[in-house]
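Colleague: Let's see this in three dimensions:
(chains A, B and C, ligands or ions: 8)
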Amino acid sequence: MTVSNNAESELEPEVTVDGHRVDESPRVSDEVKFTTCYMCACRCGIKVHFKDGDVRYIEGNRDHPVNRGVLCAKGSAGIMHLKSPARLTKPLRRVGERGAGEFEEIEWEEALDLATAWLARARATNPHRLAFFTGRDQSQALTSWWAMQFGTPNYAAHGGFCSVNMAAAGLYTVGSAFWEFGEPDWEHTRYFMMFGVAEDHDSNPIKMGLSRLKERGVKFVSVNPVRTGYSAVADEWLGVTPGTDGLLVFALIHELINAGKVDVEYLRRYTNAPWLVVDDPGAADDGLFARDNEGRPLCWDGKTDGLCHALDPDVEPLLKGARPFADGRTARPVFELIAERYLDAQYAPDAVASRIGVSAATIRRIAAELAHAAFSEEVIIEQPWTDWAGRKHERMIGRPVSMHGMRGISAHSNGFHTCRAIHLLQIILGSIDTPGGWRFKPPYPKSLDSLPQPSGHPEDVSPNSPLPGPHLGFPRKPDDLLIDDDGTPQRIDKAFSWEAPLAAHGMMHTVISNAWRGDPYPIDTLFMYMANMAWNSAMNTAETIQMLTEKEGATDEYKIPRIIYSDAFYSEMVAYADLVLPDTTYLERWDCISLLDRPISDADSANDAIRHPVVTPQRDVRPFQDVLLDLGARLGLPGMVDEQGNPQYPGGYRDYMINHERRPGVGMLSGWRGANGIMSGTGPPNPDQLQRYIDNQGFWQGEIPTEARYFKNVNTAYLDYAYENSFVATRSPIILQLYSEELQQFRLAARGHGPAQPPEKHRERIETYFDPLPFWYRPFEEALEVADRFQLHAVTQRPMAMYHSWGSQNAWLRQIHTSNRLYVPRILAQSLGIDDEDWVWVESRNGRIKTRVRLMDGVNPNTVWTWNAIGKRAGAWNLAEDSPESKEGFLLNHLIHELLPARESGYRYSNSDPVTGQAAWYDLRVRIEKVAEEEAGEAAPQFNPLGKLSGVDERPSILRIGADVTDSSDKRQGA
Amino acid sequence: MHPAYSVIFFTTASGLGYGLLALLGLYAAAGLIPADRWFGITGMAVALGLITFGLLSSTFHLGHPERAWRAVTQWRSSWLSREGLVALATYVPAVLFAAGWVLFGRTTGWWGILGVLAAIGAALTVYCTGMIYASLRAIPRWHNRWVVPNYLALALATGGVSFDALTRVFGLERPESALVVSIVLAASWLLKVIYWRDIDAAAPVSTSGSATGLGNFGDVRLLDPPHTQDNYLQREMGYRIARKHAAKLRRIAVILTFALPLALSLLLLTLPSIPALVAASLSALSCMAGVVVERWLFFAEAKHVVTLYYGACEV
Amino acid sequence: MTGLPTAPSEKRLGLVIDLDTCVGCHACAVNCKEWNTGGYHAPLTDERPYDTDPSGVWLNRIHTFEVGEGESGRLVHFPKSCLHCEDAPCVTVCPTGASYKRSEDGIVLVDEDMCIGCKLCSWACPYGAREYDQDAGVMKKCTLCIDRIYNENLDEIDRVPACVATCPASARHFGDLADPQSHVSRLVEARGGFDLMPEMETQPVNKYLPPRAKGGQAGGPGSDDKLMPAAGGFLAWLDRTLSD
Ligand SMILES: Nc1nc2c(c(=O)[nH]1)N[C@H]1C(S)=C(S)[C@@H](COP(=O)(O)OP(=O)(O)OC[C@H]3O[C@@H](n4cnc5c(=O)[nH]c(N)nc54)[C@H](O)[C@@H]3O)O[C@H]1N2
Ligand SMILES: Nc1nc2c(c(=O)[nH]1)N[C@H]1C(S)=C(S)[C@@H](COP(=O)(O)OP(=O)(O)OC[C@H]3O[C@@H](n4cnc5c(=O)[nH]c(N)nc54)[C@H](O)[C@@H]3O)O[C@H]1N2
Ligand code: SF4
Ligand code: SF4
Ligand code: SF4
Ligand code: SF4
Ligand code: SF4
Ligand SMILES: [Mo]
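Modeller: Numbers count the residues shown, from 1 in each chain, chains lettered A, B, ... in the order given. Ligands and ions are numbered 1, 2, ... in the order given. Okay, the predicted model is just below:
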């Protein structure tokens, strides 16, 4: 919608107050356009004001479901994103050596021909030879589909280094996840616990939520080694030692179970707590659910005192007692196994307190507070509902305890199990998707059996043909892994192999290293989009740079022969590409925030949105999505060309957003479907759809019926709604999985059962880490032999005002974090003779860096930390070569190795969670030491400065933003 | 506070100028020195020249020197405005007095009244200058009752040594002037020492606790400034001088401004005229150099309470 | 024309900043810059924006402090802009009358057409709320978004300062502190709002709300320090529960 502001006001005289002229009612803008922010992945609605053709002001859209009018620091700096002198302006072909930053500007036609030639060759010979990985993108619905049509198994986005532990643990347990797929019931919760969050993707919603809690006087506990940001405003800060959250959660569970503070009814009805687990050590089905002939899980019915299938609506299941079943063997209810495990003295608060770094008394008190909030402060919403079994409930009774966790949990090698533990804690309190609890956002929850399996088995890949299914999925048994008969990984990143069986988001952090090593095979072309893999998203940066530039023996061919990269700015990665495809910025293109991707729904509505070009780029750049579809058409990829071989979407991404259908009726956008735009959710394409979005301020909001808003996983009204909107394939309830039979399937394979078994070298690892109930183990790096030398944990945090590496080219954001410091616990620093602003060496098993320190009190005594991605390579981002970003700023990434040390077998696992392959950034262990006096003054390592890039603007020496768009800009002339 | 050279130059030069003007006005009006034309030209040119140069230099650091005229409009509340007004007003008697002296060779009678008025104007201007600083509560070391007396005393002292030297150049020295100068020097030395003692002993006025209002929760320490690079406020108000450095500079200031000139002035009482001229000139030069150091310290040692938001714990 | 208004203004418009909810996100600072760089003070210049020592004019800045030690220690994010003091020394020192406090609503402004850039007001302000724009040669400061709060081109609901509208945590409140019934006055009353550096005798209009007590506060009144083991052990308890 285009609103033009009241133009008459120009004529209004300025008011004179106290003898001074002040224009109290200036014309704000000539035009306002609504679109979606992409200064980060939160995707808030924005109102962009234009004056005299220039962007004058960007503010939050009050009507938008994500941000309701607020805007963060990054979003408010959007103008400077548009004006950045680091913007790419022209397609580039490398002419110098990789990394030198020497390019020639070429025309798009040439660039696309070149890319097509490289890609066509890989596709015609061996599609494996293309690795297509995308970073911070928001177009995974398109990019994954493109890669599928191309036929390479080597596709993923950044989830593997980000938060696959959260995603996988959530999906395997509750059918949804923290991350962006659920949220606390901010309006009703009475007790909120946050684990390891500094900022998160829901940047604005979390802040808005926390302020609601404050208004209502609700207690907020933050579990985090560092007390900044959210933790600073928490009512209680638990400064845990990194990697120990699992122990804390088990201690809480221990206390709760011991006191009988669990929601027995909830467990019996909506979880697999009563399901019977076969207790027959050595058998092929040991640890699987006891099932009837039809394969339905069994439980013991208290009413009939006999076996009954667990989803029988009339069953009154028991939660304890070994029971005979079928062939006379015994089986035990899941909950009994849970009670047994967590009641064990090893999980008592006293046993774990010192390791966690939180006193036993505090742990006991938190458990009591949780119990009190859950069971004495029930929230009741007068809303009848019907559960999956047909039981009618007069009202919705909630256990108002909610939790949220993110990368503080995720980025550890024990993160999958820890995240499952947190879900388990929420489940035994009976709080999942109840009023006041943690709520699902549509299209989630989804049951595991409705989720796809990964494609990319040996038989799935052949020249010039598409992959039969999506790349990423959720393996349920060893057969689902992408391995060949010897167990060799099929993907370049080794996702879905024995090394990381549930790597549901791929393992982007291993791609360059594996491709360089040719393990499991060499590749031909690395195609990347929006990922700064030569810098802050790489582990082991210096060596990664080496890998990108190393040549094959004496030949002139690089080990990774061709690199195509799309970026919008002169990032470090650009310098390593052979072909650079310059992208637009978020205000200059069509984009689709689709329910098929990472959605922007909230717990009460399914939402999607678009971006549309509100600014016309004045550079020779093209939206990457258009380019991708163009390449697809040039390559003749199925779905991208019609029968005659002409482009299927000649109108580019815009065309695709309207007309592409995944399945009949299911397209990129859910709003205004069908010929007249009267259908929502599903329906035929509507040529007018995007205009309808624009008219509705760029988004669509599909409200969930009130009756369907809680207990979604087991609420008939919701299951019907989800089915009708094509979010789920069946109307079956989604039973919460305390005990994971899927994990047990892998464990059984390790124990010698079934056709697909792990090779010897992986056997023990699978046996250990595929425990069907959550357990705790020391993060890998801490358990290494060298660990003794490195006693400190080192982690990073997201600064709220910066987005990864790309904030530094923004003149306003940059001023907030021009460089970073290593924050060191004051007591520790004093013991090492280190003072504020001193320079120190920080050493890990992978090398050392030199940084400057700042002492602080609010940090776990064994932890040092810094802001993420502030350090920059000299010359990158078109910043002055000696800018503080490179001279004082630093990355911890140089210290983090992408591999663990060799095992006895010589095998080196990646530095990841053994279940999901999640990059274990926060396992890092270091030691620090004051530098010799003559070494102070500059961060190390320093890399050769990147040269000035062809085509980028000159850096202005002064900015007078707004001077030209105001009526009173001639003020300065007055005397 | 950042010691800006233009401001140091302005205050020291105009201080000297006003001191000299006052002494010329009073001495000449009282008929204690003859209305010698060349001495009149030189003395009044030096005094008015320094004053004018100082005033002009103070406009150099303005963002909009062309609007400087506006600075005299707020005399009802602003000491800077008052200073400007009084300074301008002082020109009237001063210039007329100079004219009388130089053109008509008259410095007494009605002309003498102009001299007295110029002296009063000079004193008032320096008083206003002092008050500009003394009125700033946000800079406790300036918001101090000894600041104005110090400004007055130092203007008189620098004016005095120059007066003494100048009269000797023209052989017009008064027998008691070295004594008067010595007394002025001793008094201003005393005042400076009192000022330093006072600021050194003063209890902090504000703390990071009162600046943030969080003092009752415990000790308040800055963790992160708003921006990683220094901003205008830090550059302007955040100047810090090491205690050791300051102590050394204070000693230098004392020697140059007071001790050496005082010793030389006392010596003058016994010296024949040629060596006395050399001594008086040395004394004047030393005093002027010293007062620059003194003024630099006056800024450098002054702490602004805004620094409490940038890492200082108390001011 | 000179000095402060002789009588207290009828309205005392200002901000109330809640240190208990401010998460230190800098949104208010950047949005303030964005609004004002094209507004009343246009532009808020940035010097050397992409070089070694970038320095810009900001009317609002976020500091971070640590307070207290050990168990009672805390970290406080601390936004600071002009407090629109009742007895504003920045106004009385101003030699030109460029600095003034509005008699109708108490807002302290700089008239850029009159300012000579002598910087004296920035020396006089105890709070660091004045920002010299080297390039423009004039002083700039928070205007309380004078060109928003009365702006008839904006919807009524948008007539609040940019920093208030944008704050994701709702840590900033705008209103009339002279009116005891206003939302802001009631917040100050209820939460013990305080002045910064009262010893400077500036009588700031803006107030700060203190962080609330940490740690001890339980999940709700009535929760215990710890849970009692279920009588007879957990399994016996389970039996009892299921047989009910
Ligand atoms: N030490 C440490 N390292 C980490 C992490 C950590 O916590 N600690 N976190 C990890 C995690 S979770 C992640 S997700 C990664 C993120 O790391 P990356 O995915 O590398 O993220 P960015 O640095 O934002 O880089 C994205 C690139 O996209 C470019 N870009 C921006 N806008 C556009 C656009 O519109 N179009 C195109 N084509 N390009 C654009 C930017 O210029 C930039 O080069 O970092 C990882 N690295
Ligand atoms: N402003 C901004 N927003 C962003 C991003 C950005 O770069 N800037 N990046 C986006 C991306 S890609 C991601 S993945 C998300 C990530 O969002 P967050 O999950 O908030 O990411 P981190 O900053 O990595 O925060 C991790 C937190 O965990 C803590 N932590 C570390 N180890 C442990 C531990 O063992 N236990 C506990 N309890 N805490 C621990 C750290 O101190 C830190 O506070 O943010 C997204 N949002
Ligand atoms: S959180 Fe900020 S940067 Fe991210 S989308 Fe929202 S406004 Fe934009
Ligand atoms: S926007 Fe709000 S939460 Fe963020 S720094 Fe400003 S006051 Fe604090
Ligand atoms: S905060 Fe400073 S600038 Fe604002 S009114 Fe008070 S003294 Fe003046
Ligand atoms: S800088 Fe401008 S506003 Fe400030 S005191 Fe000087 S003239 Fe007045
Ligand atoms: S009121 Fe306006 S000018 Fe003042 S800090 Fe807030 S946004 Fe900036
Ligand atoms: Mo991420």
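
Colleague: Mind listing what's buried along stretch C:199-214?
Modeller: C:200, C:202, C:204-212, C:214 (16 or more other C-beta atoms under 10 Å in any protein chain shown). (C-beta placed from N, C-alpha, C; glycine too.)

Colleague: before we move on, what about stretch B:283-303?
Modeller: When neighbours are counted by 16+ other C-beta under 10 Å, the buried residues of stretch B:283-303 are found to be B:283-303.

Colleague: Among the buried residues of stretch C:199-214, show me the least confident.
Modeller: Lowest pLDDT within these is found at residue C:214 (71).

Colleague: how much space between that residue and residue B:246?
Modeller: Residue C:214 sits 41 Å away from residue B:246, going by C-beta to C-beta, to the nearest Å.

Colleague: repeat for residue B:229
Modeller: 26 Å.

Colleague: returning to that earlier point: output the buried residues of stretch C:199-214 as a markdown table; include the columns secondary structure.
Modeller: Putting the buried residues of stretch C:199-214 into a markdown table (DSSP: H, G, I helix; E, B strand; the rest coil) gives the following:
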| residue | secondary structure |
| --- | --- |
| C:200 | helix |
| C:202 | coil |
| C:204 | coil |
| C:205 | coil |
| C:206 | coil |
| C:207 | strand |
| C:208 | strand |
| C:209 | strand |
| C:210 | coil |
| C:211 | coil |
| C:212 | coil |
| C:214 | coil |
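
Colleague: what subset of those residues is also close to ligand 5?
Modeller: Residues of the buried residues of stretch C:199-214 in contact with ligand 5 (C-beta under 6 Å from any ligand atom): residue C:202.

Colleague: Quick check: the residue of the stretch 601-750 of chain A nearest chain C.
Modeller: Nearest residue of the stretch 601-750 of chain A to chain C: residue A:697, at 14.2 Å (C-beta to the nearest C-beta).

Colleague: Around that residue, count how many other residues there are.
Modeller: Here the number of neighbours of residue A:697 (other C-beta atoms under 10 Å in any protein chain shown) works out to 21.

Colleague: can you tell me which residues contact it?
Modeller: Each residue near residue A:697 by C-beta atoms under 8 Å, 6 or more residues apart in numbering or on different chains is listed here: A:1, A:34, A:45, A:61, A:63-64.

Colleague: What separation is there between it and residue A:679?
Modeller: Taken as C-beta to C-beta, the span from residue A:697 to residue A:679 is 20 Å.

Colleague: Residue A:458 too?
Modeller: Separation of residue A:458 from residue A:679 (C-beta to C-beta): 41 Å.

Colleague: Over to residue C:63?
Modeller: 52 Å.

Colleague: Give me the more crowded residue out of these two.
Modeller: Using other C-beta under 10 Å as the criterion, residue C:63 and residue A:679 rank with residue C:63 on top: 22 against 16.

Colleague: Test my guess that the more buried one contacts residue C:81.
Modeller: No: counting by C-beta atoms under 8 Å, residue C:63 sits too far from residue C:81 to count as a contact (11.6 Å).

Colleague: residue ranges with poor pLDDT in chain C?
Modeller: Residues of chain C meeting the criterion pLDDT under 70: C:1-2, C:215-222, C:244.

Colleague: Over to the closest residue to residue A:198 other than its chain neighbours: give its phi and psi.
Modeller: Leaving aside its chain neighbours, residue A:198 sits nearest to residue A:797 (4.0 Å; criterion: C-beta to C-beta, 6 or more residues apart in numbering or on different chains). For residue A:797, the backbone dihedrals (degrees, to the nearest 10) come out as phi -130, psi 150.

Colleague: Residue A:119 sits in which helix or strand?
Modeller: Using DSSP states H and E, residue A:119 sits in helix A:108-125.

Colleague: Where do the helices of chain B begin and end?
Modeller: For chain B, the helices defined by DSSP state H cover B:5-29, B:37-60, B:79-104, B:110-134, B:147-169, B:177-201, B:208-212, B:232-237, B:243-253, B:260-268, B:273-300.

Colleague: Which elements pack onto the first one?
Modeller: Pointing back at helix B:5-29 there. Helix B:5-29 sits against helix B:37-60, helix B:79-104, helix B:110-134, helix B:147-169, helix B:273-300, with contacts defined as 3 or more C-beta pairs under 8 Å, 6 or more residues apart in numbering or on different chains; DSSP states H and E.

Colleague: For chain C, find the nearest of these.
Modeller: When the helices and strands packed on helix B:5-29 are compared by C-beta to the nearest C-beta, helix B:79-104 sits nearest chain C, at 4.0 Å.

Colleague: The closest one vs chain C: in contact?
Modeller: Yes: with C-beta under 8 Å from any C-beta of the partner chain as the criterion, chain C is reached by helix B:79-104 at B:79-81, B:84.

Colleague: do that helix and ligand 6 meet at all?
Modeller: No: Helix B:79-104 stays out of contact with ligand 6 when judged by C-beta under 6 Å from any ligand atom, the minimum separation being 7.5 Å.

Colleague: quick one: buried residues of that helix?
Modeller: Buried residues in helix B:79-104, counted by 16+ other C-beta under 10 Å: B:79-87, B:90-91, B:93-94, B:96-98, B:100-102.
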